[in-house]
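Chemist: Let me see the structure of the following:
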Amino acid sequence: MSADAQIRSALHQMEDDIFAVELFARLLGHFAGNKGMIEAECLYALSDPLLQVGFRLREQFREAFSAAGGRL
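Modeler: Predicted structure coming up:
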């Protein structure tokens, strides 16, 4: 696979996770506007999926960066 194809592939894989981060941020914004108490279990339920998205994005970025020859 060419370097350009590798970069495009890695960036394409990142698209869903970037959208997920935006949704998590919007959800947290709704929580911040809530006058009531938010249970710890609710926040914990968000932390693992958000961490998994972060791990995937980091790996996909590394793949794209490597395919680009270590240049941005």
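Chemist: For the protein, which residues score under the pLDDT cut-off?
Modeler: Along the chain, the parts satisfying pLDDT under 70 run over 72.
Chemist: which residues in this protein form strands?
Modeler: Applying DSSP state E to the chain gives no strands.
Chemist: Just give me the longest helix of it.
Modeler: When the chain is parsed with DSSP state H, its longest helix is helix 3-32.
Chemist: Packing partners of that one?
Modeler: Contacts defined by 3 or more C-beta pairs under 8 Å, 6 or more residues apart in numbering; DSSP states H and E place helix 3-32 against helix 40-67. Every residue, glycine included, has its C-beta placed from N, CA and C.
Chemist: which helices and strands sit right next to the helix it packs on?
Modeler: Other helices and strands packing on helix 40-67, by 3+ C-beta pairs under 8 Å, 6+ apart, are helix 3-32.
Chemist: about what we covered before: quick one, the longest helix of the chain and helix 40-67 angle?
Modeler: Helix 3-32 and helix 40-67 are oriented at 160 degrees to each other (axes from the mean of the first three to the mean of the last three C-alpha atoms, to 10 degrees).
Chemist: starting at the chain centroid, how far to helix 3-32?
Modeler: A distance of 5 Å separates the centroid of the chain from that of helix 3-32, by C-alpha atoms, centre = their mean, to the nearest Å.
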